[in-house]
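# Fold the following.
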Amino acid sequence: MLYLQHTITLGILSLLTWGCGNSDKQKGEAEQAPLADKVWYSNPVIDSDNPDPTVIKAEDGYFYLYATGGNTWIHKSKDLVHWTYVGGAYEDDKKPSWEPEAGIWAPDINYINGQYVLYYSMSVWGGEWTCGIGVATADKPEGPFTDRGMMFRSNMIGVQNSIDQYYIEENGKKYMFWGSFRGIYGIELSDDGLTLKEGAEKKQVAGTAYEGTYIHKRGKYYYLFASIGSCCEGLKSTYTTVVGRSENLFGPYVDKKGQPMMENHHEILIRGNEAFVGTGHNSEIVTDKAGNDWMLYHAVSKENPTGRVLMLDQVRWVNDWPEVTGSTPSLEAETPVF
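Here you go, the predicted structure:
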């Protein structure tokens, strides 16, 4: 009996002691805000051939991605990471056909005057004087797009290899920039964005090292993103994303030393690494809810080098210059916040 009472007493004391000690610990833990679990993604975000990406956020809350290939492939996503295939931009019997036997390359999607406007390039490989740029429109981002025809050919506008177009608005005016290793040029468009403005004159803004142009305005600077090197040689591809900046839309664009892009000077943004090569032809920059900027682009995976896969990386700004961590593709990174 005494033994039993002693045992019960020790047990009660032990419980009281544990309870007091644990209460203090729980109180201390409760005062610390729990760390939210980070959500990570890995590159590529689409592990199939989706080169030359362009992206837009539609009224339905989805991002729509358009890429070179087939009937101009379309995917949609809520977060830039998880993508669902939608289909082709055109009905099979209504694809652009003004350049016989040509492929439809390098789409550029925009929303202009209440409709979706898809600029595209048409070219046969090596057809640098017959290639050109056209435009199609649709009421919905998933299409189908109706071809509005050719805007111009290389031999009409006097710029060899007139492909890889990009549309931008500035002070109520509409402009197109384009070019591929024969100089980057810009010109004003008509009010509806579907034709060249009557009497408009083209102006060269960058040298002959570049293609895949994209211009981004941030603060007082315009940033001219472009690609250098070879795009389409599989594991031998040397494509690299570069950038220069200017305080004016039509330049002069320069590197950090003030050297002009007209003379092929630039800063490297993304080059290849141990996992990916051929990193180029970037999309528009997208800003998430946390204020972080993101860029899509294509690359060739060394593990599976069939086609050019879709990549995603955060763009950080250091002293008013864009940077990607390590200047190479991430293998894994924290997911954008949308």
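# Could you double-check that Tyr214 sits in contact with Ser227?
No - using Cβ atoms under 8 Å, Tyr214 makes no contact with Ser227, being 9.5 Å away. Bear in mind the C-beta positions are built from the backbone N, C-alpha and C, glycine included.
# what do those two both touch?
Shared contacts of Tyr214 and Ser227 (Cβ atoms under 8 Å, 6 or more residues apart in numbering): Asn282.
# higher neighbour count, the two?
Ser227 (30 against 24; other Cβ atoms under 10 Å).
# So for the helix or strand hosting that one, mean pLDDT?
Ser227 is part of strand 221-228, with elements assigned from DSSP states H and E. Strand 221-228 carries an average pLDDT of 98.
# so how far is that strand from its chain's centroid?
12 Å (Cα atoms, centre = their mean, to the nearest Å).
# One more: stretch 130-147?
For stretch 130-147, the distance to the chain centre is 19 Å (Cα atoms, centre = their mean).
# Give the buried residues for that stretch.
In terms of neighbour count (16 or more other Cβ atoms under 10 Å), stretch 130-147 has its buried residues at 130-138, 141-145, 147.
# could you pull out the helices for the chain?
Along the chain, counting by DSSP state H, helices occupy 2-30, 154-157.
# Of these, which shows the lowest average pLDDT?
helix 2-30 (a mean of 36).
# So Asn270 sits against Thr241, correct?
Slight slip there: residue 270 is Ile, not Asn. Yes - judged on Cβ under 8 Å, Ile270 makes contact with Thr241 at a distance of 4.2 Å.
# can you list residues touching both of those two?
Common neighbours of Ile270 and Thr241 (Cβ under 8 Å, 6+ apart) are 279-280, 282, 297.
# Which ones among the residues you listed map onto strands?
Secondary structure defined by DSSP state E assigns 279-280, 297 of the shared contacts of Ile270 and Thr241 to strands.
# Need the buried ones from the residues you listed selected in PyMOL.
Selection of buried members from these for PyMOL, criterion 16+ other Cβ under 10 Å:
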select buried, resi 279+280+297
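# Would you reformat the ones in strands among the shared contacts of Ile270 and Thr241 as TSV and include pLDDT?
What follows is those, written out as TSV (pLDDT from 0 to 100):
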residue	pLDDT
Thr279	98
Gly280	98
Tyr297	98
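# Number of residues surrounding the residue nearest to Val86 when sequence neighbours are not counted?
In this structure, Val86 finds its nearest non-sequential neighbour in Ile74, 4.2 Å apart by Cβ to Cβ, 6 or more residues apart in numbering. If you count neighbours by other Cβ under 10 Å, Ile74 ends up with 22.
# show me the residues around Ile74 that make contact.
64-66, 85-89, 141-143.
# wait, which of those residues is closest to Lys203?
Tyr66 (27.2 Å; Cβ to Cβ).
# Just list whatever residues bridge to the closest one.
Here Tyr66 sits in beta bridges with Thr54, Ile74, going by DSSP bridges.
# OK, contacts around it?
53-55, 72-74, 89, 107, 109, 118.
# For PyMOL, write a command that selects the buried ones of those.
Filtering the contacts of Tyr66 down to the buried ones (16+ other Cβ under 10 Å) takes a single PyMOL command:
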select buried, resi 53+54+55+72+73+74+89+107+109+118
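# Next, format the contacts of Tyr66 as CSV and append pLDDT and distance to Asp191.
As requested, the contacts of Tyr66 are arranged in CSV below (pLDDT from 0 to 100; distance: Cβ to Cβ, whole Å):
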residue, pLDDT, distance to Asp191
Pro53, 98, 28
Thr54, 98, 22
Val55, 98, 25
Thr72, 97, 26
Trp73, 97, 30
Ile74, 98, 27
Ala89, 98, 24
Pro107, 98, 22
Ile109, 98, 19
Leu118, 98, 18
